[in-house]
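Any chance you can model this:
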Amino acid sequence: MGDFWVFGYGSLMWKPGFAHVETARARLYGYRRALCIHSHIHRGTPEHPGLVLGLDRGGSCLGLAFRVPGDLTDEVLAYLRARELVTKVYLERRLPLRLGDGRLVEAVVYVADRRHEQYAGALPAAKAAEIVAGASGQSGPNLDYVISTVDHLRKMGIRDHWLESVAGMIDGKTRDGG
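Now for the predicted structure:
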């Protein structure tokens, strides 16, 4: 197998954790970045689940694509599967991406499994903010995850208006004491 691409839309963008030889801005069509996955461990508990990112159907998502040398295929796919498929809430797919320079490539992409019990669905921003504001797990408060994600995206020059709206509502709630 030759070189292959991996698409990152959340923490994979700023902390890929695997060797790659090229990084490019990329757009995935047909899916959008969303807080659509209930987190029962890292950003919530079974009693008060938090929300983490997934790729859900509809729209498009701007992220980063990483080209991985073919001789690292087994190693990188094993790493990604251990990282992304722990609870099987994501499905591994090979989907077309449009790179920033116009190239069309196929990439390994992890999308939300809408049939999984952790799938939260398409939530209005206000409902997502309410869930995130009240959740905390082993990796800390859910609001830290969302605000950190928005900050990282902004530093990379990527705007996600829905996620920014959720973060703004959470920030407003925390400043108002509730």
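
Count the residues that sit near the closest residue to A19 other than its chain neighbours.
Sequence neighbours aside, L72 is the residue nearest to A19 in space, at 5.7 Å (criterion: C-beta to C-beta, 6 or more residues apart in numbering). Using the backbone N, CA and C atoms, a C-beta is placed for each residue, glycine as well. For L72, the count of nearby residues is 16 (other C-beta atoms under 10 Å).

Pretty sure L72 sits against F4.
No - the criterion here is C-beta atoms under 8 Å, and L72 misses it with F4 at 9.2 Å.

Strands of the chain, residue ranges please.
With strands called from DSSP state E, the chain shows them at 4-8, 22-39, 50-68, 90-99, 104-112, 136-137, 140-141.

Please produce CSV containing the ones you listed, extended by mean pLDDT.
As requested, these are exported to CSV (pLDDT from 0 to 100):
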stretch, mean pLDDT
strand 4-8, 98
strand 22-39, 97
strand 50-68, 97
strand 90-99, 98
strand 104-112, 98
strand 136-137, 96
strand 140-141, 96
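
can you tell which of the ones you listed is closest to S148?
Checking the strands of the chain against S148 by C-beta to C-beta gives strand 140-141 as the closest, at 9.6 Å.
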